[in-house]
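# Take this sequence and fold it.
(one chain, ligands or ions: 1)
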Amino acid sequence: MIRTGYRLLLHPLKNYPGPQLAKISDTYSTYHSAKKSLHLATRQAHIEYSPVIRLGPNKLVFNTVEALHDIYDNDRVDKARTYLVSLFTPHPNIFNVIDKNRHRLKRKLIGRLLSESSMKKFEPIMLEQVGIFVQQLLTLSRGSAPINMSDRSKYIGADVVGHLAFGYDLKLQTDPTHQNIAWEFKTGNHRLNVYMQSPSLAMLRLEPIAQLINLMQKKSYLRLLQEMIKAGLKEEKHAKYDLYSHLADYVDSPDGENLSLSEIWSEALFFFPAGGETVTTGIAALFFYLSRSATSYEKLKTEIRSAFTSGTEIKGGPQLAGCQYLCACIDEALRMSPPVPGTLWREQSLSDKDSTPLVIDGHVVPRGVIFGVNIYALHHNEEYFPDPFAFRPERWLASETPAARRKVMSSAFAAFQVGPRGCAGKAMAYLEFSLVVAKTLWYFDLEILPGELAKVGFRVPSSGYPAGGGRREEYQLHDVFTTDHDGPYLIVRPRDGVSKDLETR
Ligand code: HEM
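Numbering: from 1, shown residues only. The predicted structure is shown next:
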């Protein structure tokens with residue numbers, strides 16, 4: 001009672017509007033994160049209350065471009081300690097490390113592997129996986145089973161990352177043995193996302209228990225993880241183009257830039273949600289939007305089919321980068337269905353000695369408060385993206401939209417987050433995304449599957465959110481820090497004559 005009274009009447013955030021329950025307890029965000037709908041609830045709360053809302057006793061969420069840059073591009077701000085709930089080894093990885101110096105080192109080393117120039121070396125492996133993707137579509141197109149593009153994109157996402165992280169061929173695209181790991185990872189993310197909203201729940205230290213249950217249930221991802229690590233250790237350290245070969249020289253090196261072996265495996269494991277699940281969401285979302293928008297589909301198909309003369313010609317480089325409509329479609333899919341849709345919590349750095357108050361978009365934020373911008377809400381803020389639920393790639397094109405408007409949109413586009421903790425894998429993401437979509441549209445014509453399956457992708461069983469869930473034109477994401485999603489189910493028809501080079505592979 002006393003604590004509730006304090007939070008309502010005396011707390012420094014007492015004057016900020018927001019759902020009543022959120023002012024007194026983290027139950028509000030815990031409940032919505034358990035329901036995987038926190039992104040929708042946050043946007044709804046912004047609409048009902050204000051661009052700045054209190055979403056927990058100690059939490060502020062902003063919905064402005066100014067706040068985005070004030071928060072994420074600010075040396076006085078750190079990742080909030082709620083990220084520590086995702087710590088599995090004594091060594092933090094690039095995602096959950098808070099200390100700025102340690103982060104800088106990790107970012108330097110891992111950033112090299114994920115840079116644009118490094119991606120040129122990794123591209124042959126990626127192309128091989130994309131080749132398997134289109135070949136599998138060809139095989140499936142001849143069967144009677146419907147093709148779920150979420151499943152296909154989940155498999156290729158994990159296969160590509162398996163190679164980059166562990167130099168390991170998971171073969172999810174062709175062999176069902178390990179395909180359920182894609183879902184096991186999501187379950188783990190969901191649990192962590194709930195803990196991140198509720199620091200007190202995390203303090204109960206349930207994670208080791210959950211891990212123990214996983215072990216007892218012999219979760220296949222744990223077994224697979226051990227298998228991948230063992231296989232990696234057997235190889236000569238520079239045998240493959242993967243994370244281990246990049247970092248092996250830093251293992252216990254004496255010059256201060258040292259990493260432990262378990263730290264490298266923890267980084268490699270993080271690549272699965274970071275690089276596998278995110279690109280996957282983007283690809284599935286774009287196929288959803290293309291299957292619903294005949295105009296965009298025709299425009300993109302025409303662009304791809306006139307930019308190249310064969311499917312094998314489609315690879316990274318100026319020709320692919322010159323496909324401007326493709327780039328616009330990718331950004332529009334990432335805007336409407338951001339693969340990391342939630343609020344990425346930050347706090348004033350514990351080491352910040354500046355005596356002036358921390359100001360975010362004109363608001364003085366007291367120490368101890370955690371804050372952020374919700375990516376889904378910002379991407380659907382009409383002030384920055386008019387008609388936010390319409391899939392309109394043209395809004396990103398210089399030929400269709402004035403420069404001033406595009407500038408506003410670019411500064412509000414946060415799919416990869418901004419600032420020093422923004423995504424390190426952007427170059428890889430755009431390459432994989434473009435290759436998968438361009439090759440698919442080169443080899444195949446796509447149609448929505450008729451009947452009940454046509455509804456998969458936009459149907460939310462218990463939505464109740466006028467601001468989001470249940471829209472026919474929106475690809476539905478289930479917020480688990482990354483996302484879970486289903487569909488679209490498509491009919492994939494091989495183009496006459498063109499798919500011959502897939503038969504001969
Ligand atoms: C469409 C695809 C992708 C999206 C939308 C995306 C989005 C993001 C976001 C929002 C963050 C910030 C997370 C936070 O602040 O907690 C992030 C971080 C990160 N992402 Fe991505 N990502 C994508 C693809 C990738 C890929 C392919 C990789 C490669 C493995 C990757 C590696 C990373 C890494 C290493 C970080 C941590 C960066 C740091 O803290 O310095 N991402 N990503």
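# can you list the weak-confidence ranges in the stretch 201-350 of the chain?
202-222, 252-257 (pLDDT under 70).
# any idea of the pLDDT on the nearest residue to Ser25 once chain neighbours are set aside?
Nearest residue to Ser25, sequence neighbours excluded (CB to CB, 6 or more residues apart in numbering): Pro57, at 6.6 Å. For the C-beta atoms, the positions are set from N, CA and C on the backbone; glycine is no exception. Among the per-residue scores, Pro57 shows a pLDDT of 96.
# I figured Pro57 was touching Tyr28, is that so?
No - using CB atoms under 8 Å, Pro57 makes no contact with Tyr28, being 9.7 Å away.
# Pull the number of nearby residues for the residue nearest to Ser25.
Neighbours of Pro57 under the rule other CB atoms under 10 Å: 19.
# Then Thr281?
27.
# Let me see the contact set for it.
Going by CB atoms under 8 Å, 6 or more residues apart in numbering, Thr281 touches Ser153, Ser337, Pro339, Leu477, Thr482, Thr483, His485.
# Wait, Val161 touches Leu269, no?
No - counting by CB under 8 Å, Val161 sits too far from Leu269 to count as a contact (10.1 Å).
# More neighbours: which of those two?
Val161 (29 against 20).
# In helices, which of the contacts of Thr281 fall?
Ser153 (DSSP state H).
# Next, format the contacts of Thr281 as JSON lines and append distance to the ligand.
JSON lines is the format used below for those (distance: CB to the nearest ligand atom, whole Å):
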{"residue": "Ser153", "distance to the ligand": "11"}
{"residue": "Ser337", "distance to the ligand": "10"}
{"residue": "Pro339", "distance to the ligand": "4"}
{"residue": "Leu477", "distance to the ligand": "12"}
{"residue": "Thr482", "distance to the ligand": "9"}
{"residue": "Thr483", "distance to the ligand": "10"}
{"residue": "His485", "distance to the ligand": "13"}
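# Which residue is the nearest non-sequential neighbour of the residue of the chain found nearest the ligand?
Nearest residue of the chain to the ligand: Gly425, at 2.1 Å (CB to the nearest ligand atom). Nearest residue to Gly425 in three dimensions, chain neighbours excluded: Leu114, at 4.8 Å (CB to CB, 6+ apart).
# I'd assumed Tyr430 was in contact with the one you found.
No - counting by CB under 8 Å, Leu114 stays clear of Tyr430, with 11.6 Å between them.
# need the strands for the stretch 351-500 of the chain, in chain order.
Here the stretch 351-500 of the chain has its strands, by DSSP state E, counting those that start in this stretch, at 359-360, 363-364, 370-373, 444-448, 478-480, 482-484, 489-494.
# again but with the stretch 101-250 of the chain, I slipped
Under DSSP E, counting those that start in this stretch, the stretch 101-250 of the chain gives strands at 147-148.
# hey, C-alpha coordinates of stretch 295-304 in PDB?
Provided in PDB are the C-alpha atoms of stretch 295-304 (Å, rounded to 0.1, in the frame of the first residue of the first chain):
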ATOM      1  CA  THR A 295       1.100  -3.100 -57.900                       C
ATOM      2  CA  SER A 296       4.200  -3.500 -55.800                       C
ATOM      3  CA  TYR A 297       4.600  -7.100 -56.800                       C
ATOM      4  CA  GLU A 298       4.400  -6.300 -60.500                       C
ATOM      5  CA  LYS A 299       6.800  -3.300 -60.100                       C
ATOM      6  CA  LEU A 300       9.400  -5.400 -58.200                       C
ATOM      7  CA  LYS A 301       9.100  -8.400 -60.500                       C
ATOM      8  CA  THR A 302       9.700  -6.100 -63.600                       C
ATOM      9  CA  GLU A 303      12.700  -4.400 -61.900                       C
ATOM     10  CA  ILE A 304      14.400  -7.700 -61.000                       C
END
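# one step back: for the residue of the chain closest to the ligand, give its distance to Asp486.
Distance, Gly425 to Asp486, using CB to CB, to the nearest Å: 24 Å.
# Mind checking which of the two has more residues around it?
Gly425 (23 against 16).
# I'd like to know which residues of the stretch 151-300 of the chain are adjacent to the ligand.
Phe271, Ala274, Gly275, Thr278, Val279, Gly282 (CB under 6 Å from any ligand atom).
# Pull the number of nearby residues for the residue nearest to Gly425.
23.
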